[in-house]
Every structure is written in structure tokens, then in C-alpha cells.
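Enquirer: Have a look at this prediction, sequence included:
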Amino acid sequence: MSNLRKYWPDLGMLVGIVTLIGVWINRHQLSEITLLLWLSFIAILVHQFEEYRWPGTFPGLFNRVIFNSSEPDRYPLNAQSAMIINLVIAYVFYLLPVFFPAVIWLALGPILMGFFQFIWHGIFANLRAKTLYNPGLFAVIALHLPIGGWYMHDIVTQHLATSWDWMIGIIYFVIAVYILIIKGNTWLKNSCSPYPFTNKQMGSWFLSHED
């Protein structure tokens, strides 16, 4: 478990690279919708790598800047809770639609979450940190937004989504954001957690942020 907790972002990036190679090799056999869902899965793996490995200072931003924690290396987010929630997001929430591409509402959840990430990283976090960039924003702009926009274009122009798909998809997205993002990142909070983040993951946020 300790190795997984330490290296899960690297494992995710490796999975992303292997997946990208497989998608490229089989691109002519995949429907455009399925291709986009695979790319969406790869996007979240890149996003998580950017947040937790390179530049990888999202934990410092989240705990010190957003929550103004007195124990920012482990509270409210810690290495254990970050691993659990991100593995669920990537390998359940984002991967499941790949195997059921015809279930449009199931894919709308992660696609809409990609757009939501721009609000979080591009607007909210930047305003709080007084920055133009924070870890995760590159993947949002370079991957989530174009892939999500392409997917939305396809399901609209090809009339693939019913009213029920939109309704259920939006509800699914809202529930997922609440459980996986809002509550998920704080459910396992423990100011005495034995799973602190590394100094590299804390970055300059650890000491330089002024209240």
C-alpha cells in the first residue's frame, strides 16, 4: 500500500501512455465516441499527474491556500485520501463510460466534470492563490476542454442524447462532484494523519502564502 500511495500518479501516467498507444493502434476500429471517451480517461490521468507529481504542488495549494490549514502537509487532504479519491475518479468514474459508450448519461458525468475543472482551477483557485496557473490547469485547457467540446458536438449533431440523458447526466455530474470532489477530498481528514505529503508536493505554498 505504501508504494501505491507513493507512486500512484506515476502509475497513472504509465497507464495513460500505454492507453494512448493502444488507442492509436486501434483508432480505425474505434467509433469516434469511444475514441473520445478513451481520450477523456487519458486526460484525467494527465491531470492527476500534473496535480500530484509534476509540478505536483496541488496538495499545498488545496490545504494551505484554499483551507488555510495549520497542518497543511496532512490536513484536510492527506496522501492516503488523495490516493483513494483520485483512483476512484480515474478508474471508476472516468473509465466506466468507455465500456458503455451508448449510455450517454454515464459519459456526460466525467465530460461535464472536465468543464467544471476549468471553473475550479482556472477561476476559483487562481483567484484564491492570486496566480494565473495552478497544477491541473494545463490538462484542463489542453485536454479536458477540447475533448469535452468535441464529445458534446458529436452527441448533439448526431442526436445521440435524449432529454433523459441530459437530465440524468447533469444529476449524475452534480452528485459526483459533491461526493468525489467536495466531500471526497475531506471525508478522510485527520489533523494527525500518518500520511503527510512530501515537501515537493507542498511546494512554495507551504510557507509563502500570506493570509
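Expert: Cool, got the structure. Residues are numbered from 1 along each chain as shown.
Enquirer: Off-centre distance for the longest helix seen in the chain?
Expert: Counting by DSSP state H, the longest helix found in the chain is helix 2-25. In terms of C-alpha atoms, centre = their mean, to the nearest Å, the centre of helix 2-25 is found 14 Å from the chain centre.
Enquirer: quick one: which helix or strand includes the most centrally placed residue in the chain?
Expert: The centre of the chain sits closest to residue 44, judged by C-alpha atoms, centre = their mean, with a distance of 4.9 Å. Assessed by DSSP states H and E, residue 44 sits inside helix 32-52.
Enquirer: now the closest residue to residue 79 other than its chain neighbours: how far from residue 178?
Expert: Computed as C-beta to C-beta, 6 or more residues apart in numbering, the closest residue to residue 79 that is not its neighbour in sequence is residue 195, at 4.1 Å. Using the backbone N, CA and C atoms, a C-beta is placed for each residue, glycine as well. From residue 195 across to residue 178, the span is 24 Å (C-beta to C-beta, to the nearest Å).
Enquirer: what's the answer for residue 52, then?
Expert: From residue 52 to residue 178 the distance is 22 Å (C-beta to C-beta).
Enquirer: how far out from the middle of the chain is stretch 71-86?
Expert: Distance, centroid of stretch 71-86 to centroid of chain: 15 Å (C-alpha atoms, centre = their mean).
Enquirer: Tell me which residues are up against it.
Expert: Contacts to stretch 71-86, defined as C-beta atoms under 8 Å, 6 or more residues apart in numbering, come from residues 4-6, 8-9, 12, 48, 52, 59-60, 62-64, 67, 69, 180, 184-193, 195-197, 199, 202, 205-206.
Enquirer: 7 Å - rerun?
Expert: Residues from elsewhere that reach stretch 71-86, judged by C-beta atoms under 7 Å, 6 or more residues apart in numbering: 4-5, 8, 48, 52, 59-60, 62-64, 67, 69, 180, 184-186, 188-191, 193, 195-197, 202, 206.
Enquirer: Please apply the same query to stretch 10-19.
Expert: 38, 41, 42, 45, 46, 48, 49, 53, 90.
Enquirer: Between those, which sits nearest residue 23?
Expert: Residue 23 lies nearest to residue 38 out of the contacts of stretch 10-19, by C-beta to C-beta, at 4.8 Å.
Enquirer: That closest one contacts residue 24, correct?
Expert: No. Between residue 38 and residue 24 there is no contact under C-beta atoms under 7 Å: 10.1 Å.
Enquirer: Among these two, which residue is more densely surrounded?
Expert: residue 38 (23 against 9; other C-beta atoms under 10 Å).
Enquirer: The closest residue to that one other than its chain neighbours: how many residues sit nearby?
Expert: Leaving aside its sequence neighbours, residue 38 sits nearest to residue 23 (C-beta to C-beta, 6+ apart; 4.8 Å). If you count neighbours by other C-beta under 10 Å, residue 23 ends up with 16.
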